[in-house]
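S.K.: Here is the input, now give the coordinates:
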Amino acid sequence: MEVTMIKVVGYARVSSDEQAAKDLSIPAQIKAIRHFVDESDEMTLVDIFKDEGISAYASADKRPGFMAMISLAKDSDVSLILVHKLDRFSRNREESIIFKSLLKKHSVQVKSITENFDPDTPSGFLFEGIIEVINQFYSMNLAMETRKGMVENVQRGYWNGGVTPYGYGKAELEGKGDRTHKKLVLGDPVEVATVRRIFDLAVNHGLGAKTISKRLNEDEVPYRNGKKWCKQRVGYILNHHVYYGAAVWNRTHTKTRTLKPEEEWIIQEGNHEPIISKEIFMKRKQMGQESIGDRFQSNAHKAQWLLAKMIRCGECGKAYVGVRRNKVMWEGGKKKKHLLNRYACSGHINQGNSKCRSFYIDQQFLENAVVSLVKNEIVRPMRLREIEDAVHKRLKQMQSSRDDTEKAYYARLQEINTGIDRFYDAIATGLDPDVCKQKIDELQQQKAFLEGELRDK
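M.R.: Now for the predicted structure:
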């Protein structure tokens, strides 16, 4: 009698070089899976998939080996997926449930070769759930411990990694066992001198980042790797605490890389040799805040820009925008601030003369000229009657269009609801849950938008 062999695939994963050096290495996992299959008279190994250097807590779409395995399991007569431990499959409890449910619809099970239980029995089902919760707890706890370790590194004066700041280098220090730590040390003397010059130009000469970058380029002072200076690179130096000897961590959100509120930053002073004094840094910071205050007043005093973004530059085509600044002038032997409201080309503002050589235009002069032109060309009795007739005609068209739009919105809502139901049905029939979830989210956003539009009508 011919025995039907159970077709299986294996999956191996490591999340770091440290794991790869231990018994959880990819070769060790594959060897264990092959041995498990060889010991069985009922299994035949179809293929083995792997992901190296990728956390199991990462989303499935970031694990190409995992997704290839799922695709094969859905579209073939594979019945079993073997892993060394369940945490190799996923440490994300929600994702694990989704993919195991998907595989189950295709009569495919996931089995750990080192954790012996039957998920089809009540006790096995409970045991599997407990293991998955523990695995997710491990990942979350590891992330917390990693964060704690990085905070301790900062407090001890170690460099947590990333791009070494301009003006500094790194030195390795011995730690416990085989571990080493990195500490910032003064780098290329030319870079150190350039950093001091940047702060001198800003603090003692009142120059902004854009002007400083232009001067450095004119003097052929190179940035790293032969790159040119720009206001962003100068601004980074002027605003980074590292230059007075402080280490800063937790400045940005991990995923979006956007800045967190400064009170959430972890700042440890005296970590390494400073290039400038803290007094110079804080003076520059205060000057920057005053400059921002001069340019951007409270809403109660904000200028109204009648023509902002309605005018285009004749040289580069960029929009003209409003610029409000205080200019210091001498009157009667005393300094006095005068508020200047002007229009300027946004291309010139952002990139200087290299982009556009246009000039600033006084706000009142330009707006008066445009208003005068409008009065002469439009505000005449005959022309006003033509405008009135055109407005009435347009209002009727808008009302008719509004009614048609409302009908179209309700029809589209019905299509969206049908589409959402179909994607839920598709998950049940085996379509990739991640793809379906993304489409459902998009449809839900469209639905919310349309419902909001209908409420406002």
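
S.K.: For whichever strand or helix holds V37, list every residue counted as buried.
M.R.: Using DSSP states H and E, V37 sits in helix 26-38. Under the neighbour-count criterion of 16 or more other Cβ atoms under 10 Å, helix 26-38 has 26, 29-30, 32-33, 36-37 buried. The C-beta positions use only the backbone N, C-alpha and C, and glycine is treated the same way.

S.K.: Considering the residues you listed, which is situated nearest to F359?
M.R.: I26 (63.9 Å; Cβ to Cβ).

S.K.: where's the closest residue in space to I98 that isn't next to it in sequence relative to R13, distance?
M.R.: Leaving aside its sequence neighbours, I98 sits nearest to P433 (Cβ to Cβ, 6 or more residues apart in numbering; 4.7 Å). Going from P433 to R13 by Cβ to Cβ, to the nearest Å gives 20 Å.

S.K.: So between the two, which is more surrounded?
M.R.: R13 (25 against 20; other Cβ atoms under 10 Å).

S.K.: Hmm, P64 and that one touching each other?
M.R.: No: checked against Cβ atoms under 8 Å, the pair R13 and P64 is beyond contact range at 11.3 Å.

S.K.: Overlap in contacts, those two.
M.R.: Common neighbours of R13 and P64 (criterion: Cβ atoms under 8 Å, 6 or more residues apart in numbering): D51.

S.K.: The longest helix that the chain contains - what's its average pLDDT?
M.R.: As assigned by DSSP state H, the longest helix anywhere in the chain is helix 381-429. Taken as a whole, helix 381-429 has an average pLDDT of 77.

S.K.: what does stretch 186-198 give?
M.R.: On average, stretch 186-198 scores 94.

S.K.: tell me which residues in that stretch are buried?
M.R.: Quick answer for stretch 186-198 (16+ other Cβ under 10 Å): 187, 191-192, 194-195, 198.

S.K.: how about those residues in a markdown table, adding secondary structure and distance to A246?
M.R.: Formatted as a markdown table, those follow (DSSP: H, G, I helix; E, B strand; the rest coil; distance: Cβ to Cβ, whole Å):
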| residue | secondary structure | distance to A246 |
| --- | --- | --- |
| G187 | coil | 17 |
| E191 | helix | 18 |
| V192 | helix | 17 |
| T194 | helix | 20 |
| V195 | helix | 14 |
| I198 | helix | 17 |
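
S.K.: any low-confidence regions in the stretch 1-150 of the chain?
M.R.: Low-confidence segments of the stretch 1-150 of the chain (pLDDT under 70): 1-3, 16-23, 54-61, 91, 93-94, 117-150.

S.K.: what about 80?
M.R.: Filtered on pLDDT under 80, the stretch 1-150 of the chain yields the residue ranges 1-4, 15-24, 53-62, 87, 90-102, 104, 116-150.

S.K.: residue boundaries of the strands in it?
M.R.: 6-14, 43-52, 80-83, 109-112 (DSSP state E, counting those that start in this stretch).

S.K.: can you tell me which of these comes nearest to V221?
M.R.: strand 43-52 (42.4 Å).

S.K.: Just the buried positions in the closest one, please.
M.R.: Of the residues in strand 43-52, those buried (16+ other Cβ under 10 Å) are 43, 45-46, 48-51.
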